[in-house]
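> This is a predicted model, with the sequence first.
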Amino acid sequence: MTMTLTLAIMLTLPQSHLDRDETPEQRAALIKPWADGIDAVSRNAFDRAALVAIAWHESGGFARYVLEHRCSDGPRGAKECDSGHARGAFQVHPWCKATTVEGEAQCAASAYRFALSRCGDNVSAFGQYASGNACRPMPQREKTRLMVLRRMGDS
């Protein structure tokens, strides 16, 4: 398996407690398609870092059941999957007609770029992305984006 920088960084983020028994190889195989999708649609490191942050936060730490589109298998009361309306690492909704991971990454990138243009800054754009209508600050997501961006620059 080829280890891209994006995949290597994604593997350093804390994983869902539900998946703590996975081997490093299982974890890498699970996350690789998402890393590849991010790499395919990113225009630059800023895009890449934002999409990694979105995917990690939206999927509950890259929880397997979320990445595999099995939201009904999640724990009772889980926030992920917006009560079954969203899917995949980026938690895209039915407006996204994509049938592939790369397609979902493209939907997420487009939605985030729109949010950024509307809100004017990354920290508020995350709120627009998550809610679909409000430019509200989400500092934890921005903190993750900045950490990922630093790691990309360190390599």
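That came through, no problem.

> which strands and helices sit next to the helix or strand where Leu30 lies?
Counting by DSSP states H and E, the element that carries Leu30 is helix 24-41. For helix 24-41, the elements it packs on are helix 5-12, helix 45-58, helix 64-67, helix 101-119, judged by 3 or more Cβ pairs under 8 Å, 6 or more residues apart in numbering; DSSP states H and E. Any C-beta I mention is one placed from the backbone N, CA and C, and that applies to glycine too.

> Can I get those helices in TSV including distance to Leu149 and mean pLDDT?
Shown next, in TSV, are those (distance: least, Cβ to Cβ, whole Å; pLDDT from 0 to 100):
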stretch	distance to Leu149	mean pLDDT
helix 5-12	10	97
helix 45-58	4	96
helix 64-67	23	94
helix 101-119	14	97
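
> Which of the ones you listed sits closest to Arg145?
For Arg145, the closest of the helices and strands packed on helix 24-41 is helix 45-58, at 4.1 Å, according to Cβ to Cβ.

> CA-only coordinates of the closest one in CSV, if you can.
Provided in CSV are the C-alpha atoms of helix 45-58 (Å, rounded to 0.1, in the frame of the first residue of the first chain):
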residue,chain,number,x,y,z
ALA,A,45,-2.5,22.1,1.0
PHE,A,46,-5.2,24.4,2.5
ASP,A,47,-8.0,22.5,0.8
ARG,A,48,-6.4,19.2,1.8
ALA,A,49,-6.1,20.2,5.5
ALA,A,50,-9.7,21.5,5.6
LEU,A,51,-11.0,18.3,4.1
VAL,A,52,-9.1,16.1,6.5
ALA,A,53,-10.4,18.2,9.4
ILE,A,54,-14.0,18.0,8.1
ALA,A,55,-13.7,14.2,7.6
TRP,A,56,-12.2,13.5,11.0
HIS,A,57,-14.7,15.6,12.9
GLU,A,58,-17.8,14.6,10.8
